[in-house]
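Novice: have a look; sequence and predicted model below, questions after that.
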Amino acid sequence: MTLTTPSASLPTTFRSRDVQVAAIGPQSQVLRSRTWDRLKFEVEYSRQRGTTANAYLIQADKIALLDPPGESFTDLYLTELQHQINLSQIDYIVTSHVNANRLTTLTQLLDLAPQGQIICSRAAANTLKIALGNRADRLCPVRSGDTLDLGQGHVLEFIRVSTPRWPDGLCTYDPASQILFSDKLFGAHCCDDALWDEQWRQLEDDRRYYFDCLHSPQAKQVETALELFEPLALKTIAPGHGPLVRYSLSRLRQDYRQWCQQQALQPLRVALLYASAYGNTARLAASIAQSLNAAQIAVEAINCEQADPNTLIDTLSRCDGFIIGSPTIGGHAPVQIQTALGLILTNVPKTKLSGVFGSYGWSGEAIDELEQKLKDANYPVGFKPLRVRFSPNDAALEACTVAAAQFAQQLRKRQKQQEARPAIAAAAQSDRTAQALGRLIGSLCVVTTQTDGSHTGLLTAWVAQASISPPGLMLTLPGEAPETSQFRPGSGFVLNILKEGRAVRRHFSAQGYSTAAFDHLPFEAATNGCAILTDALAYVECTVVELSPVGDQVLIYATVQRGELFDNSGMPAIQHRPAVHCA
């Protein structure tokens, strides 16, 4: 193993690049190519805490190598790999996605492993055919559900995970080790000596920032991937970047579900459509998406090279505005962008806010064409067209940030104008929620949450309405209870207001959370997945906004999304507390 250990007095930014090697399962190893000083993998990702490029090696009857790193690690990686195996014995090289940065390492591996076949998605194979030339016959494209038997129980199962940013995405599951090689999912751009996520609470900010930057614009596709992973028996998630996941398997998957749901609940949405010949327009799109997300605008990114017309129309119909980006090829926008523009002009109301951006090598006619067509159709504009020549630099990415902020501001202004119009359906729901909240003060309640479909409930009377617009409440929960750690900004719960004369309360305790109660009580799932006790008087569905420790309790302020009063004539159950005397 090659592992450079710095002097204790040196900051981590002075540490040399290295490759960390460790066993992670039966016949399975990780080779973590580590860079400590700054991030180079994602242009728009600015946290700059270093990162790791994780590659994996399975040595069974057949030898498979997964995800060799980019060219900045080629020499270090290949040197270390030769300490582990004879490269001429490699049978398969699995690539979860393909980019230009990886081709240098990949082509050198093909020279050193003459019998090695490249396992990849069909979309990746189409890209690699051109790059590999006369070695394209070593490509072995696979579909979702295809398997590869390495022997000794290592029958790799391939799962196609196509996203706008990585349309050729492929994940791999090994049932022998119960490892999911998840590529861009479940990672973090941070670098340290810890191989595993044992200190996973310290990773929460990095994981969320990684998700926001890279996955929030494609949350819909990420949710689909989570469903595909659900049946898998997992001991480890092995991502492309950062520590491997073992100690927070359920928590991280639940976090991803919740972060995806938060995108779905954002009141404003933008469709971000683009095509990218050399990756430059895609980088601009990613920077725009990150800035919109920072402004709490949900983004649905669509790579027009992969999307069908029905998907485009469906996405555009759900969004409050759209931004379209294009490279210029031969003096024109590519066919996929011209098709998308035609669908916009035919199907999208002229009231929706628009924006245009793109990269080019010489004259940038595609950007001018998009701008003029939308202008002629009288679409309102959220920012002046962004024109970037060749690869975007820091100034170009900053211009994307500014433009996206302007777009978000314009969207909110238009939303306020629309909110002034009467909304009968919204008013009816507001009335039902108000009726439920009216039974709240002084009432005995059960707070219900869920994790991976497992429901818990806690008895409490420490609840009070805290705000009217938006409707909100405050409650306290025992700070020492492990389940209270599930509550964090953005998480959901249901407050069930109990009815006098019902025996629901005896199934729950104010001292700790109960799971057994749900084996005896009827309930149904709220939209956030938590339990609604159907024998309660009323319920309200809530989202946590702020938390604050207060003595041995945690004080929570949450907003109410919806609620319902089940029995208009019923009375709320009341908790009668003994008097407390203070010296």
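Specialist: Great, that's in hand.
Novice: tell me the contacts of A271?
Specialist: E300, I302, T315, L316, R318, C319, G321, F322, I323 (C-beta atoms under 8 Å, 6 or more residues apart in numbering). (C-beta placed from N, C-alpha, C; glycine too.)
Novice: SS state for it?
Specialist: Following DSSP: H, G, I helix; E, B strand; the rest coil, A271 is assigned to strand.
Novice: list the beta-bridge partners for it.
Specialist: E300, F322 (DSSP bridges).
Novice: just the buried members of the contacts of A271?
Specialist: Listed as buried from the contacts of A271 are E300, I302, T315, L316, C319, G321, F322, I323; burial here means 16 or more other C-beta atoms under 10 Å.
Novice: tell me which residues of the longest helix seen in the chain come out buried.
Specialist: Taking DSSP state H as the criterion, the chain has its longest helix at helix 394-419. Neighbour counts over helix 394-419 (16+ other C-beta under 10 Å) mark 396-397, 399-401, 403-408, 410-412, 414 as buried.
Novice: same deal with stretch 301-315?
Specialist: Judged by neighbour count using 16+ other C-beta under 10 Å, the buried positions of stretch 301-315 are A301, I302, N303, C304, E305, A307, L312, T315.
Novice: distance check, C140 against F158.
Specialist: Counting by C-beta to C-beta, to the nearest Å, the separation of C140 from F158 is 11 Å.
Novice: between those two, who's got more neighbours?
Specialist: It is F158, of C140 and F158, that has more neighbours when counted by other C-beta atoms under 10 Å, with 23 against 15.
Novice: what pLDDT, on average, does the helix or strand harbouring that one get?
Specialist: Element membership for F158 (DSSP states H and E) is strand 155-160. Averaged across strand 155-160, the pLDDT comes to 98.
Novice: that strand - contacts with which helices or strands?
Specialist: strand 147-149, strand 170-174, helix 219-229 (3 or more C-beta pairs under 8 Å, 6 or more residues apart in numbering; DSSP states H and E).
Novice: how far does the very next helix or strand once past the second one sit from its chain's centre?
Specialist: Helices and strands here follow DSSP H and E; after strand 170-174, the next one along the chain is strand 179-183. For strand 179-183, the distance from its own C-alpha centre to the chain's C-alpha centre is 15 Å (C-alpha atoms, centre = their mean, to the nearest Å).
Novice: strand 179-183 to strand 155-160, inter-axis angle?
Specialist: Using axes from the mean of the first three to the mean of the last three C-alpha atoms, to 10 degrees, the inter-axis angle of strand 179-183 relative to strand 155-160 is 30 degrees.
Novice: so in that sheet, which strands flank strand 179-183, and in what orientation?
Specialist: By DSSP bridges, strand 179-183 pairs with strand 170-174 (antiparallel), strand 236-239 (parallel).
Novice: what's in contact with the last one?
Specialist: Right, strand 236-239. Residues from elsewhere that reach strand 236-239 (C-beta under 8 Å, 6+ apart): 24-25, 30, 54, 56, 177-188, 244-246, 249, 252.
Novice: ok, now with 7 Å
Specialist: Residues from elsewhere that reach strand 236-239, judged by C-beta atoms under 7 Å, 6 or more residues apart in numbering: 24-25, 30, 54, 56, 178-183, 185-187, 244-246, 249.
Novice: average pLDDT for it, rounded please.
Specialist: 98.
Novice: output it as CSV - backbone C-alpha positions only.
Specialist: Written as CSV, here are the backbone C-alpha positions of strand 236-239 (Å, rounded to 0.1, in the frame of the first residue of the first chain):
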residue,chain,number,x,y,z
THR,A,236,-21.8,-1.3,2.3
ILE,A,237,-22.3,1.5,-0.2
ALA,A,238,-19.1,2.2,-2.1
PRO,A,239,-19.4,5.7,-3.8
